[in-house]
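Trainee: I'll drop the sequence and a predicted model, then ask my questions.
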There are 2 protein chains.
Amino acid sequence: MKKNGLANLDDDLAVERMSLAEIAAERLRELILIGKLPPGQPLSERELSERLRISRTPLREAIRELAAERLIDVLPNRRPQVADPSLEHIEDLFDVQAALEALAGRLFTKRATQEQIDELVAIHERFSKFPDDCEPLKFFRTDMAFHSAIVRGADNVALADTHRQYNAALFRARFMSSRQLRWRDITIAEHTEILDALCARDAERSAAALTTHLMSGRANQRMLDPDAD
Amino acid sequence: MKKNGLANLDDDLAVERMSLAEIAAERLRELILIGKLPPGQPLSERELSERLRISRTPLREAIRELAAERLIDVLPNRRPQVADPSLEHIEDLFDVQAALEALAGRLFTKRATQEQIDELVAIHERFSKFPDDCEPLKFFRTDMAFHSAIVRGADNVALADTHRQYNAALFRARFMSSRQLRWRDITIAEHTEILDALCARDAERSAAALTTHLMSGRANQRMLDPDAD
DNA sequence: AAAAGGTGTTTGGTATACAATTTTACCATT
DNA sequence: AATGGTAAAATTGTATACCAAACACCTTTT
(Lines give C-alpha, C1' and ligand atoms only; values in the text may rest on other atoms or scores of the structure.)
Protein backbone atom coordinates (compact mmCIF):
# COMPACT_ATOMS: atom_id res chain seq x y z
CA MET A 1 0.00 0.00 0.00
CA LYS A 2 1.18 3.44 -0.87
CA LYS A 3 2.24 5.50 2.07
CA ASN A 4 1.32 8.72 0.36
CA GLY A 5 -2.11 8.78 -1.19
CA LEU A 6 -1.82 12.42 -2.16
CA ALA A 7 0.93 11.69 -4.63
CA ASN A 8 -1.53 10.21 -7.10
CA LEU A 9 -2.71 13.64 -8.08
CA ASP A 10 0.82 14.74 -8.72
CA ASP A 11 1.60 11.69 -10.79
CA ASP A 12 -1.09 12.57 -13.28
CA LEU A 13 0.39 16.00 -13.76
CA ALA A 14 3.89 14.55 -13.96
CA VAL A 15 4.96 16.99 -11.28
CA GLU A 16 8.43 16.10 -10.20
CA ARG A 17 9.48 17.12 -6.77
CA MET A 18 11.89 19.99 -7.17
CA SER A 19 14.99 20.50 -5.10
CA LEU A 20 15.35 23.66 -3.06
CA ALA A 21 18.03 24.75 -5.50
CA GLU A 22 15.60 24.60 -8.40
CA ILE A 23 12.88 26.38 -6.46
CA ALA A 24 15.33 29.07 -5.43
CA ALA A 25 16.54 29.44 -9.01
CA GLU A 26 13.00 30.02 -10.25
CA ARG A 27 12.26 32.48 -7.49
CA LEU A 28 15.53 34.36 -8.03
CA ARG A 29 14.95 34.47 -11.79
CA GLU A 30 11.55 36.00 -11.19
CA LEU A 31 12.94 38.55 -8.73
CA ILE A 32 15.57 39.57 -11.25
CA LEU A 33 13.21 39.76 -14.22
CA ILE A 34 10.60 41.89 -12.46
CA GLY A 35 13.37 44.17 -11.27
CA LYS A 36 12.98 43.51 -7.57
CA LEU A 37 16.64 42.62 -7.75
CA PRO A 38 17.92 45.38 -10.03
CA PRO A 39 20.87 45.07 -12.45
CA GLY A 40 24.19 45.47 -10.71
CA GLN A 41 22.73 44.54 -7.31
CA PRO A 42 25.27 42.61 -5.25
CA LEU A 43 23.81 39.46 -3.77
CA SER A 44 24.86 38.36 -0.31
CA GLU A 45 24.58 34.61 -0.03
CA ARG A 46 23.79 34.75 3.66
CA GLU A 47 21.17 37.46 3.37
CA LEU A 48 19.47 35.84 0.39
CA SER A 49 19.46 32.41 1.99
CA GLU A 50 17.80 33.88 5.06
CA ARG A 51 15.19 35.68 2.98
CA LEU A 52 14.41 32.52 1.04
CA ARG A 53 14.47 30.40 4.22
CA ILE A 54 17.02 27.94 2.88
CA SER A 55 20.64 27.33 3.66
CA ARG A 56 23.50 28.62 1.58
CA THR A 57 24.26 25.33 -0.17
CA PRO A 58 21.14 25.11 -2.36
CA LEU A 59 21.16 28.88 -2.81
CA ARG A 60 24.69 28.76 -4.19
CA GLU A 61 23.62 26.10 -6.67
CA ALA A 62 20.72 28.29 -7.75
CA ILE A 63 23.06 31.24 -8.24
CA ARG A 64 25.39 29.09 -10.33
CA GLU A 65 22.46 28.04 -12.48
CA LEU A 66 21.47 31.64 -13.15
CA ALA A 67 25.12 32.47 -13.78
CA ALA A 68 25.11 29.85 -16.54
CA GLU A 69 22.13 31.69 -18.03
CA ARG A 70 24.12 34.92 -17.75
CA LEU A 71 21.49 36.46 -15.49
CA ILE A 72 24.04 36.73 -12.70
CA ASP A 73 27.74 37.52 -12.91
CA VAL A 74 29.88 35.55 -10.52
CA LEU A 75 33.57 36.12 -9.86
CA PRO A 76 35.72 34.07 -7.49
CA ASN A 77 35.65 35.22 -3.89
CA ARG A 78 33.38 38.11 -4.74
CA ARG A 79 29.70 38.65 -4.28
CA PRO A 80 27.61 37.60 -7.24
CA GLN A 81 25.91 40.50 -8.99
CA VAL A 82 22.76 40.73 -11.01
CA ALA A 83 23.91 41.07 -14.61
CA ASP A 84 23.87 44.60 -15.99
CA PRO A 85 24.49 44.23 -19.71
CA SER A 86 25.71 47.24 -21.64
CA LEU A 87 23.72 48.61 -24.54
CA GLU A 88 26.24 47.00 -26.91
CA HIS A 89 25.77 43.63 -25.23
CA ILE A 90 22.00 43.90 -25.46
CA GLU A 91 22.32 44.61 -29.17
CA ASP A 92 24.51 41.51 -29.48
CA LEU A 93 21.80 39.51 -27.73
CA PHE A 94 19.20 40.84 -30.16
CA ASP A 95 21.33 39.77 -33.11
CA VAL A 96 21.59 36.21 -31.83
CA GLN A 97 17.92 36.05 -30.87
CA ALA A 98 17.04 37.24 -34.38
CA ALA A 99 19.08 34.42 -35.91
CA LEU A 100 17.42 31.92 -33.58
CA GLU A 101 13.92 33.12 -34.42
CA ALA A 102 14.70 33.18 -38.13
CA LEU A 103 15.65 29.51 -37.83
CA ALA A 104 12.49 28.89 -35.81
CA GLY A 105 10.43 30.47 -38.57
CA ARG A 106 12.05 28.32 -41.25
CA LEU A 107 11.50 25.15 -39.24
CA PHE A 108 7.95 26.19 -38.37
CA THR A 109 7.00 26.35 -42.05
CA LYS A 110 8.26 22.80 -42.46
CA ARG A 111 7.14 21.13 -39.25
CA ALA A 112 4.29 22.97 -37.58
CA THR A 113 1.00 21.10 -37.23
CA GLN A 114 -2.30 22.73 -38.09
CA GLU A 115 -3.08 22.91 -34.38
CA GLN A 116 0.11 24.90 -33.76
CA ILE A 117 -0.77 27.27 -36.58
CA ASP A 118 -4.27 27.71 -35.16
CA GLU A 119 -2.82 28.44 -31.75
CA LEU A 120 -0.58 31.11 -33.23
CA VAL A 121 -3.51 32.70 -35.04
CA ALA A 122 -5.50 32.72 -31.82
CA ILE A 123 -2.70 34.45 -29.93
CA HIS A 124 -2.40 37.06 -32.63
CA GLU A 125 -6.18 37.63 -32.60
CA ARG A 126 -6.12 38.38 -28.88
CA PHE A 127 -3.04 40.49 -29.37
CA SER A 128 -4.37 42.82 -32.03
CA LYS A 129 -7.61 43.43 -30.14
CA PHE A 130 -5.90 44.79 -27.03
CA PRO A 131 -6.93 48.37 -26.23
CA ASP A 132 -4.21 50.99 -26.14
CA ASP A 133 -4.52 51.32 -22.39
CA CYS A 134 -4.19 47.64 -21.53
CA GLU A 135 -1.67 46.69 -18.89
CA PRO A 136 1.91 46.63 -20.16
CA LEU A 137 2.52 43.22 -18.60
CA LYS A 138 -0.49 41.72 -20.36
CA PHE A 139 0.61 43.06 -23.71
CA PHE A 140 4.14 41.90 -23.05
CA ARG A 141 3.17 38.37 -22.03
CA THR A 142 1.09 37.93 -25.16
CA ASP A 143 3.96 39.23 -27.27
CA MET A 144 6.23 36.63 -25.68
CA ALA A 145 3.60 33.93 -26.15
CA PHE A 146 3.51 34.65 -29.89
CA HIS A 147 7.25 34.20 -30.26
CA SER A 148 7.31 31.14 -28.03
CA ALA A 149 4.52 29.53 -30.04
CA ILE A 150 6.62 29.90 -33.18
CA VAL A 151 9.59 28.29 -31.49
CA ARG A 152 7.37 25.48 -30.22
CA GLY A 153 6.16 24.82 -33.73
CA ALA A 154 9.75 24.55 -34.88
CA ASP A 155 9.96 21.33 -32.89
CA ASN A 156 13.61 21.67 -31.92
CA VAL A 157 14.35 21.16 -28.23
CA ALA A 158 17.79 22.73 -28.32
CA LEU A 159 16.47 25.78 -30.13
CA ALA A 160 13.62 26.16 -27.67
CA ASP A 161 16.04 25.96 -24.77
CA THR A 162 18.49 28.52 -26.09
CA HIS A 163 15.64 30.80 -27.17
CA ARG A 164 14.22 30.74 -23.66
CA GLN A 165 17.60 31.71 -22.26
CA TYR A 166 17.91 34.68 -24.57
CA ASN A 167 14.36 35.69 -23.73
CA ALA A 168 15.33 35.88 -20.08
CA ALA A 169 18.44 37.89 -20.84
CA LEU A 170 16.44 40.29 -23.00
CA PHE A 171 13.42 40.40 -20.69
CA ARG A 172 14.00 43.86 -19.27
CA ALA A 173 14.86 45.42 -22.58
CA ARG A 174 11.77 44.05 -24.31
CA PHE A 175 9.50 44.83 -21.38
CA MET A 176 10.62 48.44 -21.39
CA SER A 177 9.86 48.65 -25.10
CA SER A 178 6.38 47.23 -24.69
CA ARG A 179 5.35 50.20 -22.60
CA GLN A 180 5.62 52.52 -25.58
CA LEU A 181 2.42 52.88 -27.58
CA ARG A 182 4.40 53.52 -30.75
CA TRP A 183 6.21 50.24 -30.31
CA ARG A 184 2.92 48.39 -29.86
CA ASP A 185 1.65 49.50 -33.26
CA ILE A 186 4.89 48.42 -34.90
CA THR A 187 4.72 45.09 -33.10
CA ILE A 188 1.21 44.27 -34.25
CA ALA A 189 1.97 45.22 -37.84
CA GLU A 190 5.13 43.11 -37.92
CA HIS A 191 3.45 40.17 -36.20
CA THR A 192 0.78 40.25 -38.89
CA GLU A 193 3.41 39.96 -41.61
CA ILE A 194 5.16 37.15 -39.72
CA LEU A 195 1.91 35.27 -39.28
CA ASP A 196 1.06 35.66 -42.97
CA ALA A 197 4.40 34.26 -44.03
CA LEU A 198 4.20 31.37 -41.57
CA CYS A 199 0.66 30.43 -42.63
CA ALA A 200 1.80 30.48 -46.26
CA ARG A 201 4.63 28.18 -45.12
CA ASP A 202 7.08 30.46 -46.88
CA ALA A 203 10.37 29.74 -45.11
CA GLU A 204 12.46 32.62 -46.39
CA ARG A 205 9.70 35.21 -46.05
CA SER A 206 9.07 34.04 -42.48
CA ALA A 207 12.74 34.24 -41.61
CA ALA A 208 13.00 37.70 -43.14
CA ALA A 209 9.90 38.96 -41.33
CA LEU A 210 11.15 37.67 -38.00
CA THR A 211 14.62 39.13 -38.51
CA THR A 212 13.08 42.48 -39.40
CA HIS A 213 10.91 42.36 -36.30
CA LEU A 214 13.81 41.64 -33.97
CA MET A 215 15.91 44.34 -35.62
CA SER A 216 13.06 46.77 -35.01
CA GLY A 217 13.22 45.79 -31.37
CA ARG A 218 16.94 46.25 -31.33
CA ALA A 219 16.69 49.70 -32.88
CA ASN A 220 13.91 50.67 -30.49
CA GLN A 221 16.03 49.55 -27.58
CA ARG A 222 18.73 51.92 -28.70
CA MET A 223 16.30 54.82 -28.37
CA LEU A 224 15.62 54.12 -24.72
CA ASP A 225 17.67 55.92 -22.15
CA PRO A 226 20.83 53.89 -21.61
CA ASP A 227 21.60 55.70 -18.37
CA ALA A 228 18.80 53.98 -16.51
CA ASP A 229 19.97 51.42 -14.04
CA MET B 1 53.98 28.86 2.57
CA LYS B 2 51.10 26.56 1.89
CA LYS B 3 49.28 25.48 4.99
CA ASN B 4 47.08 22.93 3.31
CA GLY B 5 48.84 20.18 1.44
CA LEU B 6 45.51 18.70 0.40
CA ALA B 7 44.55 20.69 -2.65
CA ASN B 8 47.61 20.47 -4.90
CA LEU B 9 46.20 18.44 -7.74
CA ASP B 10 45.89 20.97 -10.52
CA ASP B 11 48.51 23.56 -9.75
CA ASP B 12 49.53 23.71 -13.39
CA LEU B 13 46.57 25.98 -14.17
CA ALA B 14 47.16 28.21 -11.19
CA VAL B 15 47.64 31.36 -13.23
CA GLU B 16 44.19 32.50 -12.13
CA ARG B 17 42.71 31.61 -8.82
CA MET B 18 39.93 29.24 -9.71
CA SER B 19 37.57 27.67 -7.28
CA LEU B 20 37.61 23.91 -6.96
CA ALA B 21 34.19 23.88 -8.59
CA GLU B 22 35.56 25.58 -11.70
CA ILE B 23 38.58 23.29 -11.83
CA ALA B 24 36.34 20.26 -11.41
CA ALA B 25 34.00 21.52 -14.13
CA GLU B 26 36.87 21.86 -16.60
CA ARG B 27 38.25 18.48 -15.70
CA LEU B 28 34.85 16.82 -15.95
CA ARG B 29 34.14 18.52 -19.26
CA GLU B 30 37.40 17.18 -20.64
CA LEU B 31 36.70 13.69 -19.31
CA ILE B 32 33.29 13.73 -20.98
CA LEU B 33 34.51 15.14 -24.30
CA ILE B 34 37.36 12.67 -24.72
CA GLY B 35 34.98 9.88 -23.85
CA LYS B 36 36.63 8.78 -20.64
CA LEU B 37 33.19 9.35 -19.15
CA PRO B 38 31.03 7.85 -21.89
CA PRO B 39 27.48 9.00 -22.74
CA GLY B 40 24.91 7.54 -20.38
CA GLN B 41 27.48 6.92 -17.65
CA PRO B 42 25.92 7.46 -14.22
CA LEU B 43 28.03 9.67 -11.99
CA SER B 44 28.26 8.94 -8.30
CA GLU B 45 28.94 12.15 -6.42
CA ARG B 46 30.86 10.39 -3.69
CA GLU B 47 33.02 8.34 -6.02
CA LEU B 48 33.81 11.28 -8.31
CA SER B 49 34.63 13.58 -5.43
CA GLU B 50 37.08 10.98 -4.13
CA ARG B 51 38.72 10.57 -7.52
CA LEU B 52 39.10 14.33 -7.92
CA ARG B 53 40.21 14.69 -4.29
CA ILE B 54 37.58 17.28 -3.48
CA SER B 55 34.48 17.22 -1.33
CA ARG B 56 31.00 16.78 -2.68
CA THR B 57 30.00 20.44 -2.38
CA PRO B 58 32.22 21.91 -5.13
CA LEU B 59 31.74 18.76 -7.21
CA ARG B 60 27.99 19.24 -7.14
CA GLU B 61 28.41 22.82 -8.31
CA ALA B 62 30.58 21.61 -11.17
CA ILE B 63 27.95 19.05 -12.13
CA ARG B 64 25.26 21.74 -12.12
CA GLU B 65 27.41 23.89 -14.38
CA LEU B 66 27.80 21.09 -16.91
CA ALA B 67 24.09 20.36 -16.59
CA ALA B 68 23.40 23.95 -17.65
CA GLU B 69 25.55 23.26 -20.71
CA ARG B 70 23.50 20.13 -21.32
CA LEU B 71 26.59 17.94 -21.07
CA ILE B 72 25.11 16.18 -18.04
CA ASP B 73 21.51 15.24 -17.35
CA VAL B 74 20.43 15.69 -13.77
CA LEU B 75 17.11 14.49 -12.36
CA PRO B 76 15.94 15.00 -8.81
CA ASN B 77 17.09 12.34 -6.37
CA ARG B 78 18.77 10.38 -9.12
CA ARG B 79 22.36 10.04 -10.18
CA PRO B 80 23.48 12.57 -12.77
CA GLN B 81 24.25 10.97 -16.12
CA VAL B 82 26.54 11.99 -18.93
CA ALA B 83 24.23 13.27 -21.66
CA ASP B 84 23.50 10.80 -24.42
CA PRO B 85 21.71 12.79 -27.11
CA SER B 86 19.65 10.92 -29.67
CA LEU B 87 20.42 11.20 -33.36
CA GLU B 88 17.42 13.51 -33.72
CA HIS B 89 18.68 15.75 -30.95
CA ILE B 90 22.13 15.95 -32.53
CA GLU B 91 20.51 17.00 -35.79
CA ASP B 92 18.63 19.71 -33.90
CA LEU B 93 21.92 20.90 -32.43
CA PHE B 94 23.45 21.05 -35.91
CA ASP B 95 20.54 23.17 -37.15
CA VAL B 96 21.01 25.71 -34.37
CA GLN B 97 24.79 25.72 -34.72
CA ALA B 98 24.34 26.35 -38.45
CA ALA B 99 22.15 29.37 -37.74
CA LEU B 100 24.70 30.66 -35.23
CA GLU B 101 27.61 30.28 -37.64
CA ALA B 102 25.63 31.86 -40.46
CA LEU B 103 25.15 34.89 -38.23
CA ALA B 104 28.84 34.76 -37.31
CA GLY B 105 29.73 34.80 -41.01
CA ARG B 106 27.50 37.80 -41.68
CA LEU B 107 28.94 39.74 -38.75
CA PHE B 108 32.49 38.72 -39.69
CA THR B 109 32.13 40.34 -43.10
CA LYS B 110 31.12 43.57 -41.40
CA ARG B 111 33.37 43.66 -38.36
CA ALA B 112 36.46 41.51 -38.79
CA THR B 113 39.81 43.28 -38.74
CA GLN B 114 42.50 42.53 -41.30
CA GLU B 115 44.46 40.72 -38.58
CA GLN B 116 41.50 38.43 -37.92
CA ILE B 117 41.18 37.67 -41.62
CA ASP B 118 44.91 36.95 -41.83
CA GLU B 119 44.62 34.61 -38.86
CA LEU B 120 41.80 32.74 -40.54
CA VAL B 121 43.80 32.41 -43.76
CA ALA B 122 46.76 31.09 -41.77
CA ILE B 123 44.63 28.46 -40.08
CA HIS B 124 43.22 27.36 -43.40
CA GLU B 125 46.73 27.17 -44.89
CA ARG B 126 47.89 24.79 -42.16
CA PHE B 127 44.66 22.88 -42.49
CA SER B 128 44.81 22.16 -46.22
CA LYS B 129 48.43 21.03 -46.02
CA PHE B 130 47.77 18.26 -43.51
CA PRO B 131 48.70 14.80 -44.83
CA ASP B 132 45.98 12.20 -45.05
CA ASP B 133 47.50 10.21 -42.21
CA CYS B 134 47.72 13.06 -39.72
CA GLU B 135 46.34 12.49 -36.27
CA PRO B 136 42.55 12.81 -36.09
CA LEU B 137 42.77 15.05 -33.04
CA LYS B 138 45.16 17.45 -34.79
CA PHE B 139 42.89 17.72 -37.81
CA PHE B 140 39.90 18.15 -35.55
CA ARG B 141 41.44 20.87 -33.41
CA THR B 142 42.37 22.87 -36.48
CA ASP B 143 38.86 22.45 -37.86
CA MET B 144 37.47 23.83 -34.61
CA ALA B 145 40.03 26.65 -34.63
CA PHE B 146 38.79 27.73 -38.06
CA HIS B 147 35.20 27.98 -36.92
CA SER B 148 36.13 29.66 -33.65
CA ALA B 149 38.21 32.24 -35.50
CA ILE B 150 35.16 33.16 -37.57
CA VAL B 151 33.08 33.59 -34.43
CA ARG B 152 35.82 35.68 -32.85
CA GLY B 153 35.83 37.95 -35.85
CA ALA B 154 32.09 38.41 -35.48
CA ASP B 155 32.84 40.35 -32.28
CA ASN B 156 29.70 39.28 -30.43
CA VAL B 157 30.29 37.97 -26.92
CA ALA B 158 26.90 36.33 -26.55
CA LEU B 159 27.26 34.57 -29.89
CA ALA B 160 30.74 33.35 -28.97
CA ASP B 161 29.45 32.00 -25.70
CA THR B 162 26.49 30.13 -27.15
CA HIS B 163 28.62 28.85 -30.02
CA ARG B 164 31.14 27.40 -27.58
CA GLN B 165 28.34 25.63 -25.75
CA TYR B 166 27.02 24.04 -28.91
CA ASN B 167 30.56 23.06 -29.88
CA ALA B 168 30.85 21.14 -26.63
CA ALA B 169 27.51 19.43 -27.14
CA LEU B 170 28.49 18.48 -30.70
CA PHE B 171 32.08 17.60 -29.83
CA ARG B 172 31.73 13.84 -30.07
CA ALA B 173 29.68 13.89 -33.24
CA ARG B 174 32.11 16.17 -35.06
CA PHE B 175 35.16 14.33 -33.75
CA MET B 176 33.81 11.05 -35.05
CA SER B 177 33.26 12.62 -38.45
CA SER B 178 36.79 14.00 -38.61
CA ARG B 179 38.21 10.48 -38.59
CA GLN B 180 36.79 9.77 -42.02
CA LEU B 181 39.12 10.64 -44.90
CA ARG B 182 36.14 11.35 -47.15
CA TRP B 183 34.85 13.91 -44.68
CA ARG B 184 38.24 15.62 -44.55
CA ASP B 185 38.20 16.31 -48.27
CA ILE B 186 34.70 17.74 -48.05
CA THR B 187 35.73 19.89 -45.10
CA ILE B 188 38.71 21.42 -46.85
CA ALA B 189 36.71 22.19 -49.97
CA GLU B 190 33.89 23.80 -48.03
CA HIS B 191 36.28 25.75 -45.82
CA THR B 192 37.88 27.13 -48.97
CA GLU B 193 34.53 28.42 -50.18
CA ILE B 194 33.75 29.89 -46.75
CA LEU B 195 37.10 31.62 -46.63
CA ASP B 196 36.62 33.06 -50.11
CA ALA B 197 33.24 34.47 -49.23
CA LEU B 198 34.49 35.93 -45.96
CA CYS B 199 37.55 37.53 -47.58
CA ALA B 200 35.26 39.07 -50.21
CA ARG B 201 33.19 40.35 -47.27
CA ASP B 202 30.10 38.92 -48.94
CA ALA B 203 27.66 38.47 -46.07
CA GLU B 204 25.04 36.33 -47.74
CA ARG B 205 27.51 34.11 -49.57
CA SER B 206 29.40 33.58 -46.30
CA ALA B 207 26.22 32.69 -44.46
CA ALA B 208 25.19 30.30 -47.21
CA ALA B 209 28.59 28.62 -47.34
CA LEU B 210 28.64 28.14 -43.58
CA THR B 211 25.10 26.78 -43.53
CA THR B 212 25.97 24.35 -46.32
CA HIS B 213 29.05 23.21 -44.42
CA LEU B 214 27.16 22.55 -41.21
CA MET B 215 24.42 20.75 -43.10
CA SER B 216 27.10 18.54 -44.66
CA GLY B 217 28.24 17.72 -41.17
CA ARG B 218 24.71 16.98 -40.11
CA ALA B 219 24.16 14.67 -43.07
CA ASN B 220 27.48 12.95 -42.46
CA GLN B 221 26.58 12.43 -38.84
CA ARG B 222 23.47 10.63 -39.97
CA MET B 223 25.61 8.11 -41.83
CA LEU B 224 27.56 7.10 -38.75
CA ASP B 225 26.35 4.16 -36.78
CA PRO B 226 23.84 5.48 -34.27
CA ASP B 227 24.11 2.31 -32.20
CA ALA B 228 27.60 3.15 -31.05
CA ASP B 229 27.83 4.21 -27.46
C1' DA C 1 6.99 -20.57 -7.26
C1' DA C 2 5.62 -15.88 -7.88
C1' DA C 3 4.35 -11.60 -6.10
C1' DA C 4 4.04 -8.36 -2.59
C1' DG C 5 6.11 -6.15 1.08
C1' DG C 6 9.75 -4.99 4.27
C1' DT C 7 14.61 -4.02 5.50
C1' DG C 8 19.19 -2.47 4.83
C1' DT C 9 22.41 -0.17 1.97
C1' DT C 10 23.43 3.32 -1.24
C1' DT C 11 22.81 7.85 -3.01
C1' DG C 12 21.42 12.54 -3.53
C1' DG C 13 19.69 16.77 -0.62
C1' DT C 14 20.45 19.96 2.97
C1' DA C 15 22.33 22.23 6.95
C1' DT C 16 26.14 23.66 9.49
C1' DA C 17 30.84 24.39 10.93
C1' DC C 18 35.26 25.91 9.62
C1' DA C 19 39.03 27.84 6.52
C1' DA C 20 40.48 31.26 3.27
C1' DT C 21 39.82 35.46 1.13
C1' DT C 22 38.21 40.02 0.57
C1' DT C 23 36.51 44.21 2.26
C1' DT C 24 36.25 47.76 5.62
C1' DA C 25 37.63 50.67 9.12
C1' DC C 26 40.88 52.64 11.76
C1' DC C 27 45.28 54.39 12.95
C1' DA C 28 49.87 55.98 11.99
C1' DT C 29 52.67 58.47 9.01
C1' DT C 30 53.63 62.02 5.76
C1' DA D 1 44.02 66.42 5.24
C1' DA D 2 45.58 62.69 2.30
C1' DT D 3 47.71 58.25 2.07
C1' DG D 4 49.29 53.80 3.16
C1' DG D 5 49.31 49.81 5.98
C1' DT D 6 47.30 46.61 9.16
C1' DA D 7 43.93 44.35 11.88
C1' DA D 8 39.15 43.20 12.45
C1' DA D 9 34.77 42.05 10.34
C1' DA D 10 32.18 40.27 6.81
C1' DT D 11 31.76 37.13 3.05
C1' DT D 12 32.76 33.48 0.01
C1' DG D 13 34.88 28.67 -0.48
C1' DT D 14 35.12 24.03 1.26
C1' DA D 15 34.46 20.00 4.14
C1' DT D 16 31.65 17.12 6.84
C1' DA D 17 27.69 15.33 9.23
C1' DC D 18 23.07 14.19 8.98
C1' DC D 19 18.56 13.34 6.67
C1' DA D 20 15.40 11.46 3.31
C1' DA D 21 14.49 9.22 -0.81
C1' DA D 22 15.59 5.42 -4.01
C1' DC D 23 17.19 0.87 -5.05
C1' DA D 24 18.48 -4.01 -4.24
C1' DC D 25 17.96 -7.85 -1.83
C1' DC D 26 15.58 -10.84 1.08
C1' DT D 27 11.68 -12.37 3.65
C1' DT D 28 7.00 -13.30 3.90
C1' DT D 29 2.69 -14.43 2.05
C1' DT D 30 -0.44 -16.32 -1.21
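Mentor: Here it is on my side, so go on. Residues are numbered from 1 along each chain as shown, chains lettered A, B, ... in the order given.
Trainee: the residue in chain A that chain B sits nearest to: neighbour count?
Mentor: Nearest residue of chain A to chain B: A:Ala68, at 3.3 Å (Cβ to the nearest Cβ). C-beta: built from backbone N, CA, C; applies to glycine. By other Cβ atoms under 10 Å in any protein chain shown, 18 other residues sit near A:Ala68.
Trainee: give me the pLDDT for it.
Mentor: Looking at A:Ala68, its pLDDT is 94.
Trainee: wait, it sits on B:Ala68?
Mentor: Yes - under the criterion of Cβ atoms under 8 Å, A:Ala68 makes contact with B:Ala68 at 3.3 Å.
Trainee: would you mind measuring from the residue nearest the centre of chain A to A:Ile123?
Mentor: Residue closest to the mean C-alpha point of chain A, counted by Cα atoms, centre = their mean, is A:Asn167 at 3.0 Å. For A:Asn167, the distance to A:Ile123 (Cβ to Cβ, to the nearest Å) stands at 16 Å.
Trainee: stretch A:93-109 vs chain B: in contact?
Mentor: Yes - Stretch A:93-109 lies within reach of chain B by Cβ under 8 Å from any Cβ of the partner chain, at A:Leu93, A:Asp95, A:Val96, A:Ala98, A:Ala99, A:Leu100, A:Ala102, A:Leu103, A:Leu107.
Trainee: between these, which is closest to B:Glu30?
Mentor: A:Val96 (26.7 Å; Cβ to Cβ).
Trainee: which element is the closest one on?
Mentor: For A:Val96, the element it lies in under DSSP states H and E is helix A:87-111.
Trainee: what about that helix, distance to the chain center?
Mentor: 13 Å (Cα atoms, centre = their mean, to the nearest Å).
Trainee: tell me the mean pLDDT over that helix?
Mentor: 97.
Trainee: now do that helix against helix B:87-111, angle only.
Mentor: Helix A:87-111 and helix B:87-111 are oriented at 140 degrees to each other (axes from the mean of the first three to the mean of the last three Cα atoms, to 10 degrees).
Trainee: list the buried ones in helix A:87-111?
Mentor: By neighbour count on 16 or more other Cβ atoms under 10 Å in any protein chain shown, the buried set for helix A:87-111 is A:89-109.
Trainee: next SSE after the least confident helix or strand in chain A by mean pLDDT?
Mentor: Least confident element among the helices and strands of chain A, by mean pLDDT, DSSP states H and E: helix A:7-12 (a mean of 35). The element immediately downstream of helix A:7-12 (helix or strand, assigned by DSSP H and E) is helix A:20-33.
Trainee: wait, does the helix or strand just after that next one contact DNA strand D?
Mentor: Counting by DSSP H and E, the next helix or strand C-terminal to helix A:20-33 is helix A:45-51. Yes - using Cβ under 7 Å from any atom of the strand, helix A:45-51 reaches DNA strand D at A:Glu45, A:Arg46, A:Glu47.
Trainee: next SSE downstream of helix A:45-51?
Mentor: Heading C-terminal from helix A:45-51 (DSSP H and E), you reach helix A:56-68.
Trainee: is that following helix positioned near DNA strand C?
Mentor: Yes - interface with DNA strand C: helix A:56-68 contributes A:Arg56, A:Thr57, A:Pro58 (Cβ under 7 Å from any atom of the strand).
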